[in-house]
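>>> task: produce atomic coordinates for the following.
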Amino acid sequence: FRTVAVALAAGAAVALAHAGAAPLGDLLASWSDHGFRSGVTPVELQGRVLDLEVLPEGRVALLVRLKRVTIPGRPPYRMRVTRSIVARLTAPLPDCPAGPFPGPGDLVDMTARLGPPRNFRNPGAFDYVAHLRARHIDLVGSVKSARLVQVLPGRRSAIHGLLPKTRRAIVAALGRAAGPGEETTVSFLSALLVGERDDLPAGFEETLIRAGVYHIVALSGFNVALVAGLVSIVLRLLPLPPRARRCLLGLAVLAYWAVARASGSIARAGLMALVYLLGAILARRVSGIGSMASASVILLCAAPGWIRDAGFQLSLAATLGILVVASSVGGRPSPGPLPAGHGARPAWAEAAAGWLASSLRVSAAALAGTALVSAHHFQALTPIALVANLFAVPLAGALLLLALLVCALEAFWHTAAGLLLGVCGVLVALLERLCAFVAAAKWCSFHVVPPPLPLVLLGLVAVAGVGLG
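Next up is the predicted model:
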């Protein structure tokens, strides 16, 4: 009881500290005193572009850290924004650009209508405010015309644009290796590798969701583990001591986390891997539960908004189920192989049976952890995921490794990169057809009444109790 009370008190103190340090409320109050109306008043902004997202219908979303604000009036109210305020501003792409369109790192002037984000009031609707808050986005707005966005020449920051440029370079390398008609393959590999899901076809996305395997393109521990495993294999070929290899592996995980599109699942997985590697470097044994708990506490202390993010919650719930349920069931002694002459199976059959049992155990454990959380956020259950994961996870793993090879080869061996991307196209088509096949049954995915949050928490406690009991 004392430990729980201390943890709750510490969490409350961190939340109060974040609430007291939040600058948005004072900023909006100051603007309102000078005639600002949220979403109505056109405001002149100057800010640094941190990232951009290409949207459908010829639009783009710019993430801008505000530097200066001018509110129209007599006289105009001008102020310098001294604290970190990030706005997500959508604007149309120019048909015939007369000048450079802004990119990450550019300092821009623009005129926009903006205000704090709001949720739809439909029961069970997507929590858009929590989604943005977890990503440190304070304001949303729109720009009427691309002509109202001007890049200030000579004011570009290379540091701010480095990570988004690297992510776009990876996507561009996949695009250069592709041939005609391979747009779906490129979009899927971009989502799988760096979390760029903007161009993923809606039909393909819906098929993955109905099959219960959309998690393969939501960057998480699966992606981090594969990238870390590949880097570890390469590092083992170098004449380095174990501690140096672990340090380099940690840097590789950190770089992958930084380059990939931000999400709660990649943040949890990346930090969890770093905590585990830090324990190995310090010659300390770190359990899976310990690294998950430490990573979660650190993330929530740094950004409490993640606690309401659906991706972060699903990532934690799946990891909890795998760590406590799959490991406990897997730890039970098996009867072992039968002696010769008593129906013994070949070695390959034993290996296949063991892989199937292990895969079903992990899939069932993850499904048990995420079922109520998914029902709470998306009002749906997908029991077919227990079967679909058996082929989706291995295919996604092979595609992730092939995508990394394509990016590595494209710069100096275009032909080989193109051939590998063709192989990826065959595997992506196979994945789509298999998902469509298992998702065709009516019972594979169905809508449910969203359970209340107390019931979700009780279910997670029950999952942990079953696994640890």
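>>> any idea how far residue 7 lies from residue 134?
Distance from residue 7 to residue 134, counting by Cβ to Cβ, to the nearest Å: 21 Å. For every residue, glycine as well, the C-beta is placed using N, CA and C.
>>> nope, residue 187 is what I meant
24 Å.
>>> same deal with residue 158?
If you go by Cβ to Cβ, the gap between residue 158 and residue 134 works out to 27 Å.
>>> the two: which is more packed in?
A direct count of neighbours by other Cβ atoms under 10 Å for residue 158 and residue 134 places residue 134 higher, at 24 against 9.
>>> wait, that one touches residue 310, no?
No. Using Cβ atoms under 8 Å as the test, residue 134 is too far from residue 310 to be in contact (9.6 Å).
>>> overlap in contacts, these two.
Contact criterion Cβ atoms under 8 Å, 6 or more residues apart in numbering; residues bridging residue 134 and residue 310 by contacting each: residue 264.
>>> need the helices for the stretch 201-350 of the chain, in chain order.
Remark: helices of the stretch 201-350 of the chain, listed N- to C-terminal, are 202-210, 221-236, 242-259, 264-281, 288-302, 310-321, 327-330, 347-378; assignment by DSSP state H, counting those that start in this stretch.
>>> tabulate these (TSV), appending mean pLDDT and distance to residue 458.
Compiled in TSV, the helices of the stretch 201-350 of the chain are given as follows (pLDDT from 0 to 100; distance: least, Cβ to Cβ, whole Å):
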stretch	mean pLDDT	distance to residue 458
helix 202-210	86	26
helix 221-236	87	25
helix 242-259	91	32
helix 264-281	88	22
helix 288-302	85	19
helix 310-321	85	13
helix 327-330	60	20
helix 347-378	79	9
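>>> can you redo those helices as TSV with mean neighbour count and distance to residue 183?
As requested, the helices of the stretch 201-350 of the chain are exported to TSV (neighbours: other Cβ atoms under 10 Å; distance: least, Cβ to Cβ, whole Å):
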stretch	mean neighbour count	distance to residue 183
helix 202-210	17	11
helix 221-236	17	22
helix 242-259	17	22
helix 264-281	22	24
helix 288-302	17	35
helix 310-321	24	25
helix 327-330	15	41
helix 347-378	17	27
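>>> got CSV for these, with distance to residue 26 too?
CSV is the format used below for these (distance: least, Cβ to Cβ, whole Å):
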stretch, distance to residue 26
helix 202-210, 40
helix 221-236, 38
helix 242-259, 31
helix 264-281, 28
helix 288-302, 22
helix 310-321, 28
helix 327-330, 48
helix 347-378, 32
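>>> of those helices, which is nearest residue 434?
Closest to residue 434 of the helices of the stretch 201-350 of the chain is helix 202-210 (Cβ to Cβ; 9.7 Å).
>>> report the distance from the closest one to the chain centre.
Here helix 202-210 shows a centroid-to-chain-centroid distance of 17 Å under the convention Cα atoms, centre = their mean, to the nearest Å.
>>> export only the CA atoms of it, formatted as PDB.
What follows is helix 202-210, C-alpha atoms only, in PDB (Å, rounded to 0.1, in the frame of the first residue of the first chain):
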ATOM      1  CA  ALA A 202      -7.400   3.000 -47.700                       C
ATOM      2  CA  GLY A 203      -8.600  -0.400 -48.900                       C
ATOM      3  CA  PHE A 204      -5.400  -2.200 -47.800                       C
ATOM      4  CA  GLU A 205      -5.500  -0.400 -44.500                       C
ATOM      5  CA  GLU A 206      -9.000  -1.500 -43.900                       C
ATOM      6  CA  THR A 207      -8.100  -5.100 -44.700                       C
ATOM      7  CA  LEU A 208      -5.200  -5.000 -42.200                       C
ATOM      8  CA  ILE A 209      -7.600  -3.600 -39.500                       C
ATOM      9  CA  ARG A 210     -10.300  -6.200 -40.100                       C
END
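>>> quick one: what helix or strand has residue 122 in it?
When elements are assigned from DSSP states H and E, residue 122 belongs to no helix and no strand.
>>> just say helix, strand or coil for residue 90.
Following DSSP: H, G, I helix; E, B strand; the rest coil, residue 90 is assigned to strand.
>>> what about the nearest residue to residue 407 once chain neighbours are set aside, how many neighbours?
Spatial nearest neighbour of residue 407, excluding adjacent residues (Cβ to Cβ, 6 or more residues apart in numbering): residue 173 at 4.7 Å. Counted with other Cβ under 10 Å, the neighbours of residue 173 add up to 19.
>>> I figured residue 173 was touching residue 414, is that so?
No. In this structure residue 173 lies outside contact range of residue 414 using Cβ under 8 Å: 10.2 Å.
>>> how near is the closest residue to residue 298 other than its chain neighbours to residue 414?
With Cβ to Cβ, 6+ apart as the criterion, residue 298 has its nearest non-adjacent residue at 6.2 Å, and that residue is residue 271. From residue 271 over to residue 414 the distance is 37 Å, taken as Cβ to Cβ.
>>> could you do residue 456 as well?
Taking Cβ to Cβ as the criterion, residue 456 is separated from residue 414 by 50 Å.
>>> of those two, who's got more company?
In this comparison of residue 456 against residue 414, neighbours counted by other Cβ under 10 Å, the higher total goes to residue 456 at 20 against 12.
>>> on the three-state scheme, that one is what?
helix.
>>> hmm, residue 372 and it touching each other?
Yes. With contact defined as Cβ under 8 Å, residue 456 reaches residue 372; the gap is 4.6 Å.
>>> thinking again about what came up before, so for the residue nearest to residue 407, what's the pLDDT?
The pLDDT attached to residue 173 in the predicted structure is 91.
>>> list the contacts of it.
Going by Cβ under 8 Å, 6+ apart, residue 173 touches 406-407, 410-411, 417.
>>> which of those has the most neighbours?
So for the contacts of residue 173 (other Cβ under 10 Å), the most neighbours sit at residue 406, 26 neighbours.
>>> just confirm it contacts residue 172, I think it does.
No. In terms of Cβ under 8 Å, residue 406 does not count as a neighbour of residue 172; the distance is 11.8 Å.
>>> could you find the closest non-adjacent residue to residue 318?
For residue 318, ignoring the flanking residues on the chain, the nearest one in space by Cβ to Cβ, 6+ apart is residue 366 at 4.4 Å.
>>> can you give me the distance of the one you found to residue 379?
Counting by Cβ to Cβ, the separation of residue 366 from residue 379 is 20 Å.
>>> re the thing from before, so the residue nearest to residue 298 sits right up against residue 295, yeah?
Yes. Proximity of residue 271 to residue 295 meets the contact threshold set by Cβ under 8 Å, at 4.0 Å.
>>> which SSE is immediately downstream of the helix or strand harbouring residue 433?
Of the helices and strands defined by DSSP H and E, residue 433 is found in helix 414-438. Following the chain from helix 414-438 toward its C-terminal end, the next helix or strand by DSSP H and E is strand 446-447.
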